[in-house]
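A.B. asks: Sequence and predicted structure, then a few things I'm wondering about:
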Amino acid sequence: MPVDPASLLTRDLIRLDEHADDRVQAVRMCGQALVDAGAVEPSYVASMLEREASFSTYLGDGFAIPHGMFAGKDAVHRDALCVLRFPAGVDWGSGTVTVCIGIAAAGDGHVEILAELARILLDPVRAEALRTAQAPEAILSLLVADSAG
């Protein structure tokens, strides 16, 4: 059974009206949300920035999935997601991002999380709904894993 992204996300980790001047600030904001939730140590934010500097987490279609390097896994207390929406968009170098899904995962948990998020984001209807959702509850319902897959 696939991991259920919604089970890693709480209402306080969904922020729908954020602003960032650039992708570094956007990644910092995702990391800080995970720190605020107690999912990671502050050092995980540096690991997320290192990942972004070495390999862009831009997926296309307005989405990025910032996450830390393998070396940063020791700073993760529990697997968690955050969803930050930037209505004005953030220049990510290869495109504009309006939705960042920050990932904190211990061990190899990020692989399964990334795979399930990719399945969700490849569904054009769900992806568009994520970009335009007006309430945290809508985000939570959109990120529930498809049990048929």
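C.D. replies: The structure has been received and is ready for your questions. Numbers count the residues shown, from 1 in each chain.

A.B. asks: Give me the residues contacting the one helix or strand in the chain whose mean pLDDT sits lowest.
C.D. replies: Across the helices and strands of the chain, mean confidence by mean pLDDT, DSSP states H and E is lowest for helix 109-121: a mean of 78. The contact list for helix 109-121 (Cβ atoms under 8 Å, 6 or more residues apart in numbering) reads 2-5, 8, 59, 61, 63, 65, 67, 79, 81, 101, 103, 105, 126-127, 130, 142-143, 145-146, 149. In this view, the C-beta of every residue, glycine as well, is placed from N, C-alpha and C.

A.B. asks: for the chain, which residue is closest to the average position?
C.D. replies: residue 101 (1.5 Å; Cα atoms, centre = their mean).

A.B. asks: leaving aside the residues next to it on the chain, what's closest to that residue?
C.D. replies: Computed as Cβ to Cβ, 6 or more residues apart in numbering, the closest residue to residue 101 that is not its neighbour in sequence is residue 65, at 5.0 Å.

A.B. asks: can you count the residues close to the one you found?
C.D. replies: For residue 65, the neighbour count with other Cβ atoms under 10 Å is 21.

A.B. asks: Show me the strands in this protein, by range?
C.D. replies: Using DSSP state E, the strands of the chain run over 14-15, 58-60, 63-64, 80-91, 96-104.

A.B. asks: between those strands, which gets nearest to residue 138?
C.D. replies: Closest approach to residue 138 among the strands of the chain (Cβ to Cβ): strand 14-15, 9.2 Å.
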